[in-house]
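**Student:** turn this into a model:
(one chain, ligands or ions: 2)
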Amino acid sequence: MNSIFLQTPIDYLKGVGPNRADLLKKELDIFTYQDLLNLFPNRYLDRTKYYKIHELQKTNAEVQLIGKITHLKTVQQKRGKRLVATFQDETGKIELVWFRGHKWIQENLKINVPYVVFGKINWFNGIFSMPHPDMELLETHEKKLRSAMQPIYPSTEKLSSKGISNRVLHKLVETLFLEVQAKFAETLPNYILQQYKLLSKSEALFNIHFPKNQELLSAAQYRLKLEELFYIQLQLIRKNLVHKSKIKGYPFSKIGNYFNTFYKNHLPFELTQAQKRVIKEIRKDLGSKAQMNRLLQGDVGSGKTIVALLSMLIALDNGFQACLMAPTEILSVQHYNGLVELCNNLNISISLLTGSTKTSSRREIHKNLKNGSLQILIGTHALLEDVVQFKNLGLAIIDEQHRFGVAQRAKLWKKNTFPPHILVMTATPIPRTLAMSVYGDLDISIIDELPPGRKTVKTVHRFDSNRLKVFRFLKNEIAKGRQVYIVYPLIQESEALDYKDLMDGYESISREFPLPNYQISIVHGKMKPADKEFEMNRFKKGETQIMVATTVIEVGVNIPNASVMVIESAERFGLSQLHQLRGRVGRGADQSYCILMTGHKLSGDAKIRLETMVRTSDGFEIAEVDLKLRGPGDIMGTKQSGVLNLRIADIVKDHEILKLARSLAFSVLKNDPQLSKPENIPVKQTFLQLTKYKNIWNYIS
Ligand code: ADP
Ligand code: MG
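**Tutor:** Residues are numbered from 1 along each chain as shown. Ligands and ions are numbered 1, 2, ... in the order given. Predicted coordinates:
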């Protein structure tokens with residue numbers, strides 16, 4: 001059946017009048033035959049078995065029986081009436097019960113004629129009953145295009161109240177199948193079907209709606225999931241390839257003085273293998289004629305900064321400017337100070353631009369950016385303002401990416417004739433499956449190795465009732481010359497309360513750690529940037545031993561002598577936040593500790609989060625757990641979750657299928673970039689159709 005036919009408006013299907021068409025469109029987004037065909041059931045009721053009445057158990061399960069109605073009576077009850085039918089087979093009897101719709105049922109029910117009934121069984125007053133059964137004459141039942149596994153379609157309150165029940169939906173699908181005679185164009189190439197022993201498209205669609213048995217159902221699901229993921233991957237990979245062929249970047253053809261001098265003489269440490277590999281990947285991108293669009297993932301402390309610097313030096317070597325944008329003022333300042341120090345001997349001009357940069361220096365920066373004498377600009381969102389004009393921005397690096405929206409990223413593009421190369425760095429590892437789905441069009445580099453000599457942070461979970469012991473431990477560590485973070489949650493919705501908690505906490509800590517023996521810093525979001533910085537600096541210089549803070553210190557702050565992280569109300573933090581916070585310690589030579597404080601009442605998820613933190617410090621493993629707990633939509637934020645709006649596949653559960661889909665998409669495009677080979681005709685057609693009829697791909701920006 002050709003695809004044009006499947007684009008027929010749903011209004012034309014037999015059994016769908018204007019009212020139903022409206023409802024289907026509004027409630028289920030079903031506009032065409034195709035949409036209905038792709039309404040995949042959520043679950044299936046196993047109707048392979050017909051029970052005998054004497055086999056019934058008091059389990060409340062849904063069962064299917066064959067028998068006859070022998071009596072029908074109306075029973076008066078407190079409110080209204082109920083209609084009761086005695087239903088029996090050769091082994092016993094039960095009652096069928098209706099609380100509404102009596103008239104219609106009384107007029108249509110046939111006495112002493114075999115029926116198939118299906119429904120939940122109740123045990124009441126010494127007899128089984130089945131309220132509002134699904135029922136059908138045995139004769140019709142046997143004739144129908146049907147399956148033993150009854151599909152349950154996604155539905156809405158409104159649909160069922162307006163009479164579009166599951167049964168009606170199934171019936172519509174059946175009508176559609178009869179109309180097209182169950183023949184559907186194949187959408188995957190033959191060689192793939194054969195190699196992976198997949199059901200044909202027609203078989204798969206048939207068995208997803210009318211499965212004959214569990215085996216066929218599962219084969220149908222497998223085939224349709226693979227297909228769904230395959231086309232998403234095909235799109236993403238193609239986008240990446242098109243991007244590379246169409247979007248020109250500045251080719252940084254040479255590695256020059258800046259890079260070489262730094263690499264040979266000023267590298268403060270030996271790079272890890274992972275850092276070397278990633279730098280190679282970036283060099284290759286920068287040297288090509290295409291614009292780089294690369295995501296650099298690396299756990300906290302894996303050493304992304306040096307990679308960023310080396311990449312910027314390549315830009316400078318080729319006569320271009322570079323910028324590095326971070327999500328907070330504190331981080332920008334830290335990057336700035338760190339980079340200035342690293343570039344000490346290189347004679348490079350670097351500036352910092354944030355919201356609190358004074359007007360006079362701001363003007364200076366604007367001027368020098370424009371005339372090109374300023375080579376590296378570091379800062380916050382302030383970099384995105386229209387007045388910030390580069391002479392020739394060649395590379396833009398964005399640290400801690402998921403705090404910046406896609407739109408903001410795009411803004412950097414508009415600053416040039418050619419878009420600058422883009423390197424996005426993120427410290428929150430994204431599970432590979434998610435990365436493949438959401439960032440499948442970006443190139444991804446991973447630093448999966450920590451610099452040598454790092455000790456794992458010892459992590460424990462302690463209840464609030466053990467606080468005194470924890471304080472004693474902190475005193476011991478401070479006596480050894482270490483510093484301590486104590487972090488409080490700050491969630492926007494309960495900001496006032498959280499703020500109070502922070503202040504109460506600060507007070508009790510001040511009492512426990514009194515002056516003059518102890519000095520305490522406090523940093524939170526309500527403070528002026530200058531005050532924050534002042535306090536951070538005191539802590540950094542070791543003038544204070546304890547830093548009480550909200551999550552403003554979450555990202556990137558680097559103070560190697562701080563070796564203890566106490567997280568208050570740890571149950572309220574998400575996994576990735578906990579992991580980020582823990583990453584603040586373990587940066588120096590000393591053994592570091594992370595203490596997760598909670599009350600005794602913990603939800604199941606909270607327990608899993610805490611156990612995970614205690615068990616592992618592998619960011620990727622933590623990210624996998626997070627994905628399972630929260631689901632992909634929550635992790636990526638609603639904006640991007642469109643990509644994850646899958647019909648049948650589930651990127652968490654169908655991990656293996658996703659990997660296969662991606663590798664198949666790669667190899668198809670590699671062997672046949674234009675999809676012009678005869679064996680790929682189905683791919684080309686499906687691909688064109690997907691992009692033509694439903695622009696479901698647009699959300700991938
Ligand atoms: P992140 O990936 O979290 O941004 P940083 O770049 O801040 O990590 O690096 C964390 C710390 O590790 C810094 O103090 C940095 O100097 C140090 N570091 C980075 N790479 C190495 C290395 N190869 N060997 C030793 N120390 C390193
Ligand atoms: Mg960093």
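
**Student:** would you map the helices across the stretch 251-400 of the chain?
**Tutor:** Secondary structure of the stretch 251-400 of the chain, counting by DSSP state H, counting those that start in this stretch: helices at 257-261, 273-287, 304-317, 329-342, 359-371.

**Student:** ramachandran angles for Leu36?
**Tutor:** Phi and psi for Leu36, reported as degrees, to the nearest 10, are phi -70, psi -40.

**Student:** which pLDDT value goes with it?
**Tutor:** Among the per-residue scores, Leu36 holds a pLDDT of 93.

**Student:** I'd assumed Leu13 was in contact with it.
**Tutor:** Yes. When contacts are counted by Cβ atoms under 8 Å, Leu36 is listed as touching Leu13 (7.3 Å). Where C-beta positions appear, they are placed from N, C-alpha and C, glycine not excepted.

**Student:** which residues do these two both contact?
**Tutor:** Common neighbours of Leu36 and Leu13 (criterion: Cβ atoms under 8 Å, 6 or more residues apart in numbering): 172, 176.

**Student:** ok, back up a step: would you mind finding the most buried of the helices of the stretch 251-400 of the chain?
**Tutor:** Here the criterion is mean neighbour count by mean count of other Cβ atoms under 10 Å, and of these the winner is helix 304-317, at a mean of 24.

**Student:** which residues sit against it?
**Tutor:** Outside helix 304-317, the residues that reach it (Cβ under 8 Å, 6+ apart) are 252, 254-259, 262-263, 267, 271, 275, 278-279, 282-283, 286, 296, 298, 321-322, 324, 335, 338-339, 342-343, 346, 348, 375-376, 394-395, 397, 399, 421, 423, 425, 427, 447.

**Student:** residues in contact with Leu83?
**Tutor:** 72-75, 97-99, 102, 105-106.

**Student:** same thing but 10 Å
**Tutor:** Contacts were defined as Cβ atoms under 10 Å, 6 or more residues apart in numbering; by that measure Leu83 touches 72-75, 96-103, 105-106, 109.

**Student:** now swap in Tyr191 and tell me
**Tutor:** Neighbours of Tyr191 in contact, by Cβ under 10 Å, 6+ apart: 668, 679-680.

**Student:** reformat those as TSV; add distance to Ile486.
**Tutor:** Shown next, in TSV, are those (distance: Cβ to Cβ, whole Å):
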residue	distance to Ile486
Val668	54
Glu679	63
Asn680	60
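
**Student:** give me the buried entries from the residues you listed.
**Tutor:** By neighbour count, with 16 or more other Cβ atoms under 10 Å, the contacts of Tyr191 hold 668, 680 as buried.

**Student:** I'd like the contacts of Tyr191 as JSON lines, with distance to Phe620, secondary structure and pLDDT appended.
**Tutor:** Shown next, in JSON lines, are the contacts of Tyr191 (distance: Cβ to Cβ, whole Å; DSSP: H, G, I helix; E, B strand; the rest coil; pLDDT from 0 to 100):
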{"residue": "Val668", "distance to Phe620": "28", "secondary structure": "helix", "pLDDT": "96"}
{"residue": "Glu679", "distance to Phe620": "37", "secondary structure": "helix", "pLDDT": "96"}
{"residue": "Asn680", "distance to Phe620": "35", "secondary structure": "helix", "pLDDT": "96"}
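
**Student:** near ligand 1 too, which of the contacts of Tyr191?
**Tutor:** With Cβ under 6 Å from any ligand atom as the criterion, the contacts of Tyr191 include none near ligand 1.

**Student:** quick one: closest of the helices of the stretch 251-400 of the chain to ligand 1.
**Tutor:** For the helices of the stretch 251-400 of the chain, the distance to ligand 1 is smallest for helix 304-317, at 3.2 Å, taking Cβ to the nearest ligand atom.

**Student:** so is the closest one next to ligand 1?
**Tutor:** Yes. Using Cβ under 6 Å from any ligand atom, helix 304-317 reaches ligand 1 at 304-306.

**Student:** which residues touch Val566?
**Tutor:** Val566 neighbours (Cβ under 10 Å, 6+ apart): 462, 467, 470-471, 473-474, 484-488, 505, 509, 546, 548, 581, 593-597.

**Student:** same check, this time on Thr272
**Tutor:** Per Cβ under 10 Å, 6+ apart, neighbours of Thr272: 278, 302-303, 306, 447-452.

**Student:** ok, Leu45 next?
**Tutor:** 62-64, 118, 134, 148-152, 166.
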